[in-house]
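>>> Got a predicted structure here, sequence first:
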Amino acid sequence: MDVYKITGGRELKGTIKVSGAKNSAVALIPASILAGSEVSIEGLPEIADVFTLKALLEEIGGVVTFRDGTMTIDPSEMIAMPLPNGNVKKLRASYYLMGAMLGRFGKAVIGLPGGCHLGPRPIDQHIKGFEALGAKVTNEHGSIYLRAEKLRGAKIYLDVASVGATINIMLAAVLAEGRTTIENAAKEPEIIDVATLLSNMGANIKGAGTNIIRIEGVESLSGTAHTIIPDRIEAGTFMIMAAAMGAGVTVDNVIPFHVEALTAKLREMGVDVIEEEERIVIPKPERPLKAIDVKTLVYPGFATDLQQPMTVLLTQAEGTSVVTDTIYSARFKHIDELRRMNADARVEGSSAIITGPLQLQGASVRATDLRAGAALVLAGLIAEGETEVQAIHHIERGYSNLIGKLGGLGADIRKVSLPEGAASGKDGGNH
Ligand SMILES: CC(=O)N[C@H]1[C@@H](OP(=O)(O)OP(=O)(O)OC[C@H]2O[C@@H](n3ccc(=O)[nH]c3=O)[C@H](O)[C@@H]2O)O[C@H](CO)[C@@H](O)[C@@H]1O
Ligand SMILES: C=C(OP(=O)(O)O)C(=O)O
C-alpha cells in the first residue's frame, strides 16, 4: 500500500506549474470517439483518470498513444463494444462514453460510473437529454443501455445547470439531425474547452460558456489537434497551499479569470494575490489571516472542488469561518480527519464550521476522495511533525506528480510503499 509521508512546517517558495485540466481531459478524450480520423490532444495531465480513459478507448478498438502529455487517438476502427464493468467503474467521467458512443454508433452500454463519493451523483439530466434526442434509455443490471434509430435535435431544458449533462448532451447532439438547444446549460470553462475541440472537428456549436448552447448537427466530424486548458482546480489548490505555507509562490500556467472567486476570497482573508497574464503570484502573507465565510456555487461561483482544501486554510485564520457546499452537501468527509490533526472543525448540515488559528498536528489520516486527499496533504504541510496520508489513489486520479511539484517548492513530502496492513493507526482500504 502506498502512502504519502509529509513532515510539516516547511515554507513553500518558488514556482509551481499547473497541468492540463482533469475535468476537461476526461471529456476531451471521449469526444475523440466522434471523429472520423486521428485526434491529438496536447497538455494532458498524467493522472489515473487519463490512463483509465486511454484503456477504455483501446477496449473499444481505438489506437491510442500517450507520450509527453500528448495523446493521439485514431478512432476509425472503434466499435460499439458494451462496457458494463471494469474500467468504467473507476471514474465518474466514464459517463461521457454514453454521449460520445450514442452520437457515433447510435447505441452504447455503459456500466454506471464511479468517481468520488460526494453523496448522490445523479445522471437524470443526462438521460433526459439523450431521450429528448430520440434515444431509448434503460437501466439493466447496473448498466445504462442507450439505443437510437436516429438522433434528432431537440430543445432541452436542464433542471440543474450540470456540467456533466451539458457536455454529454453536446457530445450526443453534434452528429444529430437538426438543431439542439440546451437551456440552463452549465458555463464552466471545461465546457468551452470541449466545445472548442468539437468545433475544430467540424461541429457547429454556439454559446458554450453561456447558459444557452445551440448546436446544428453535422454529417460527420474529422480529426484535429487541440491543446487543453490549464487545471483551475489544481491551480486553486496550489494558491491555497501558498496562502497557508508560502514564502513567495508563483503558480504558473493558470488563467487568472478562471480562479477569480478563489482570488476574491483569499484577498478577503488578507492574502495578497497578484494576477499576471498566465501566472498568479502570492507573496508571503501577513499573519494573522482573517476568518471568512464561503459558499460553493456553479461557475463562476466558488468551486465545490476547492471547498475541501479551503477548509484546511481556514484552520489557520483568526476567528470562525463557515463553509457551505450548495453543490455537494455531503462533501465534508475530510473534516473528521482534520479533527484528528487537532483542527477545531465540525459539520452542521451542508456547512463546515471552523475556528482558528490552531497548530495542526501530524497524524495518520485517510483520503476519502480526491479533493479530501489534497486537503489532507495541505494539512500535513502545515502540521507539526509527520503526517501519513492513506488511500492516495484518490489523489492520483486528479493531481499529476504532486510529490515532485510540491518537493520543488521545498515541501518535505514523499511516497512510501508499505507492506499491506502496515499503515500507522488506521486501515487504508478502498471505499
Ligand atoms: C456545478 C459544479 O460545481 N459542478 C462541478 C461538479 O460537476 P459534476 O459533473 O460532478 O456535477 P454536475 O455539474 O453535473 O452537477 C451539479 C449538481 O447537479 C446535480 N445533478 C447533476 C446531474 C444530473 O443529471 N442531475 C443532478 O441532479 C448534482 O448532483 C450536483 O448537485 O464536479 C466536477 C468535478 O468535481 C466539477 O468539474 C464541476 O465544476
Ligand atoms: C470530484 C471530482 O472528480 P470526479 O467528479 O471525477 O469524481 C473532482 O474533480 O473534484
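Alright, I've got the coordinates. Numbers count the residues shown, from 1 in each chain. Ligands and ions are numbered 1, 2, ... in the order given.

>>> Stretch 136-148 close to ligand 1?
No: using CB under 6 Å from any ligand atom, stretch 136-148 stays clear of ligand 1, coming no nearer than 12.0 Å. Using the backbone N, CA and C atoms, a C-beta is placed for each residue, glycine as well.

>>> what separates that stretch from the chain centre, distance-wise?
26 Å (CA atoms, centre = their mean, to the nearest Å).

>>> tell me the domain ranges of the protein?
Taking automatic domain parsing as the criterion, the chain consists of the domains 2-19+230-417, 22-227.

>>> Can you convert the ones you listed into CSV and add a column each for mean neighbour count and mean pLDDT?
Shown next, in CSV, are the domains of the chain (neighbours: other CB atoms under 10 Å; pLDDT from 0 to 100):
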stretch, mean neighbour count, mean pLDDT
domain 2-19+230-417, 21, 97
domain 22-227, 20, 96
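
>>> Spatially nearest residue to residue 414 (excluding sequence neighbours)?
Of all residues not flanking residue 414 in the chain, residue 5 sits nearest, at 5.5 Å (CB to CB, 6 or more residues apart in numbering).

>>> OK, contacts around the one you found?
386-388, 413-416 (CB atoms under 8 Å, 6 or more residues apart in numbering).

>>> so the one residue in the stretch 201-350 of the chain that gets nearest to ligand 2, which of the three states?
Using CB to the nearest ligand atom, residue 305 is the residue of the stretch 201-350 of the chain that sits closest to ligand 2, at 3.9 Å. Of the three states, residue 305 takes helix under DSSP: H, G, I helix; E, B strand; the rest coil.

>>> now it, nearest residue through space, not along the chain?
residue 233 is the one closest to residue 305 (CB to CB, 6+ apart), at 4.5 Å.

>>> Please, which helix or strand holds that neighbour?
helix 232-245 (DSSP states H and E).

>>> Do any residues in that helix lie close to ligand 1?
No: Helix 232-245 stays clear of ligand 1 (CB under 6 Å from any ligand atom), getting no nearer than 7.1 Å.

>>> elements contacting the helix or strand following that helix?
Under the assignment DSSP H and E, the closest C-terminal helix or strand after helix 232-245 is strand 246-252. Judged by 3 or more CB pairs under 8 Å, 6 or more residues apart in numbering; DSSP states H and E, the packing partners of strand 246-252 are strand 12-17, helix 232-245, strand 279-282.

>>> Relative to ligand 1, how far out is residue 403?
To ligand 1, residue 403 is 22 Å away according to CB to the nearest ligand atom, to the nearest Å.

>>> that's a helix at that residue, yeah?
Yes: assessed by three-state DSSP, residue 403 belongs to a helix.

>>> do the lengthiest strand in the chain and ligand 2 meet?
Assignment by DSSP state E gives strand 317-325 as the longest strand of the chain. No: for strand 317-325 and ligand 2, the contact criterion (CB under 6 Å from any ligand atom) is not met; the two come no nearer than 11.7 Å.
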